[in-house]
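Undergrad: Predicted coordinates and the sequence they were generated for:
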Amino acid sequence: MFDLSSQLAARKDAGLYRSRMTSSSPQDVRVVIDGREYLSFCSNDYLGLAAHPELIHAMGECVSGWGVGAGASHLLAGHSEPHEELEQALANFMGAERALLFSTGYMANLAVLTSLAGRADVIHQDKLNHASLIDGALLSRASLQRYPHLDMSALARQLEADNGARQIIASDGVFSMDGDLAPLAEMLELSRENDALCYIDDAHGFAVLGEQGRGIVDTIDTRCKDYSEGHLLSMCTLGKAIGCFGAFVAGSEEMIETLIQQGRSYIYTTALPPAVAAASYAALEVMMKEGWRREKLGGLVEYFKTACRQRNIPLLASTTPIQPIIIGDNDRAVAVAETLKQQGLLVFAIRSPTVAAGSERLRITLSATHDEGDIDVLLDALEDGAAA
Ligand SMILES: *Cc1c(COP(=O)(O)O)cnc(C)c1O
């Protein structure tokens, strides 16, 4: 048999062991674990929609009418009206010709990169991209070329060196461990100049960034044209700020049709339950009409950053609800997180190799359901902990 025990023990010794907590309360900034209530700073439910009454109602209604499971994949009769309505609403909202639903963002990234690139092609990726973009590129068998974080001149050199093959620039919109933004305007320009595709994974930006909540594409002047000319394709998840589950890709008619024909992680998997699509539809509406959620969240991010500056707590360049605090060592990051936990605060330590050695950190995420007092409690505890 395999010897897994020494491998697991080595992980433990290296301080890299991962373990799960079981919560006994619904998703909220206050969660109950092992009978104790914690104030949580580690959810991606940025707008506080996961347990919103309108979503719960929409999902319940849909379950009553449509049952629970989709029963089959989208191509084999699993595609129903709730899916179709959501896809159309998302395409409209994004200003793209079409949108295509996926069961997860991970699967969407696999489908996009494997359908649009093959052996002869090149995929250029930011060094700090999400694991699912890396995995998609590996699975596509294209040449994977990574450029230093946000380094557009390095990207330009890579693109010029590889004329001829089909080229894709793939990047997180908001980087999941750092919270900073991809330079989308420059990436799009490079895509046009080099006849490449700019594929943006906006898992953490959708519903959070921009006046309307379209995400990173709202921070620059994107139009349907960018999608229809085949230079822009975007992926957004529905399990983070939208509070549900699943993901979608927005793009041109041709791009989306190619994903339907060739995306193995689209074709060979069961469709989302229709009620999950109905809940996402309701979430999209709530997100649009309750703009105060996004505004309040933006205010809390500002409050957090100002308070950290006043307390001399060093921050990264993030302007998003992902606010990392660098600790710089695995054991210390875990120890600080543990101290916070003893004080009823839930914050995760992100260790190397998930982030570069020396940049081990606490990853703090803010939600519209936090208030300024919650942030004060966290920062007081951090200051005490750092002094100890
Ligand atoms: C969470 C995340 C994904 C995966 O989305 P799921 O729907 O959870 O599979 C993909 N990319 C990025 C950047 C993410 O943060």
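TA: That came through fine. Given the structure is predicted, the values throughout are model-derived calculations rather than measurements.

Undergrad: Would you point out which residue of the stretch 151-300 of the chain is nearest the ligand?
TA: A203 (3.4 Å; CB to the nearest ligand atom). All C-beta atoms are positioned from the backbone trio N, CA, C, and that covers glycine.

Undergrad: Pull the number of nearby residues for that residue.
TA: Neighbours of A203 under the rule other CB atoms under 10 Å: 25.

Undergrad: can I assume it is in contact with S234?
TA: No. Here A203 lies out of contact with S234, judged by CB atoms under 8 Å, at a distance of 10.4 Å.

Undergrad: How about the residues of the stretch 201-350 of the chain by the ligand?
TA: Residues of the stretch 201-350 of the chain lying close to the ligand (CB under 6 Å from any ligand atom) are D201, A203, H204, T237, G239, A247.

Undergrad: residue contacts, the closest residue to the second one other than its chain neighbours?
TA: To tie it back to what came earlier, the one meant is A203. Spatial nearest neighbour of A203, chain neighbours left out: T237 (4.3 Å); criterion: CB to CB, 6 or more residues apart in numbering. Under the criterion of CB atoms under 8 Å, 6 or more residues apart in numbering, the neighbours of T237 are T104, G105, A108, A203, F206, G246, A247.

Undergrad: ok but the fourth one is inside a helix, no?
TA: To tie it back to what came earlier, the one meant is A203. No. Under DSSP: H, G, I helix; E, B strand; the rest coil, A203 falls outside any helix and is assigned coil.

Undergrad: Which strand or helix spans D380?
TA: Element membership of D380, judged by DSSP states H and E, is helix 372-387.

Undergrad: Can you list the buried residues in that helix?
TA: Of all the residues in helix 372-387, those buried under the rule 16 or more other CB atoms under 10 Å are D374, I375, L378, L379, A381, L382, G385.

Undergrad: Report the lowest-confidence entry in these.
TA: For the buried residues of helix 372-387, the minimum pLDDT belongs to G385; the value there is 68.

Undergrad: Would you mind listing the buried residues in the helix or strand of the chain with the lowest mean pLDDT?
TA: Lowest by mean pLDDT, DSSP states H and E among the helices and strands of the chain is helix 224-228, with a mean of 76. Buried residues in helix 224-228, counting neighbours by 16+ other CB under 10 Å, are found at D226, Y227, S228.

Undergrad: again with stretch 110-130
TA: Neighbour counts over stretch 110-130 (16+ other CB under 10 Å) mark 110-117, 121-126, 128-130 as buried.

Undergrad: next one: stretch 303-311
TA: In stretch 303-311, counting by 16+ other CB under 10 Å, buried: Y303, F304, A307, C308.

Undergrad: Specify which member of those residues is nearest to the ligand.
TA: F304 (20.1 Å).

Undergrad: Kindly calculate the angle that the one helix or strand the closest one maps to makes with helix 372-387.
TA: Following DSSP H and E, one finds F304 within helix 292-310. Between helix 292-310 and helix 372-387, the angle comes out at 30 degrees (axes from the mean of the first three to the mean of the last three CA atoms, to 10 degrees).

Undergrad: any idea how far the residue sitting nearest the centre point of the chain is from F41?
TA: Note on the chain: the residue nearest the mean C-alpha position is A203, at 2.7 Å, using CA atoms, centre = their mean. Between A203 and F41 the computed distance is 18 Å (CB to CB, to the nearest Å).

Undergrad: got the end-to-end distance for stretch 33-51?
TA: Terminal residues of stretch 33-51 are spaced 18 Å apart (CA to CA, to the nearest Å).

Undergrad: List the buried residues for it?
TA: Under the neighbour-count criterion of 16+ other CB under 10 Å, stretch 33-51 has 38-50 buried.

Undergrad: now stretch 12-32
TA: For stretch 12-32, the neighbour count (16+ other CB under 10 Å) marks G15, Q27, D28, V29, V31 as buried.

Undergrad: Which helix or strand lies directly C-terminal to the helix holding F304?
TA: Following helix 292-310 toward the C-terminus (DSSP H and E): strand 322-326.

Undergrad: Return the distance of that following strand from the chain's centre.
TA: 16 Å (CA atoms, centre = their mean, to the nearest Å).

Undergrad: same question, stretch 118-134
TA: Relative to its parent chain, stretch 118-134 has a centroid offset of 16 Å by CA atoms, centre = their mean.

Undergrad: quick one: average pLDDT of it?
TA: pLDDT averaged over stretch 118-134 gives 96.

Undergrad: Return the residues in contact with the residue nearest to A247 when sequence neighbours are not counted.
TA: The shortest distance from A247 to any non-neighbouring residue, by CB to CB, 6+ apart, is to G105 (3.9 Å). G105 is in contact with S132, D201, A203, M235, C236, T237, G239, A247, counting by CB under 8 Å, 6+ apart.
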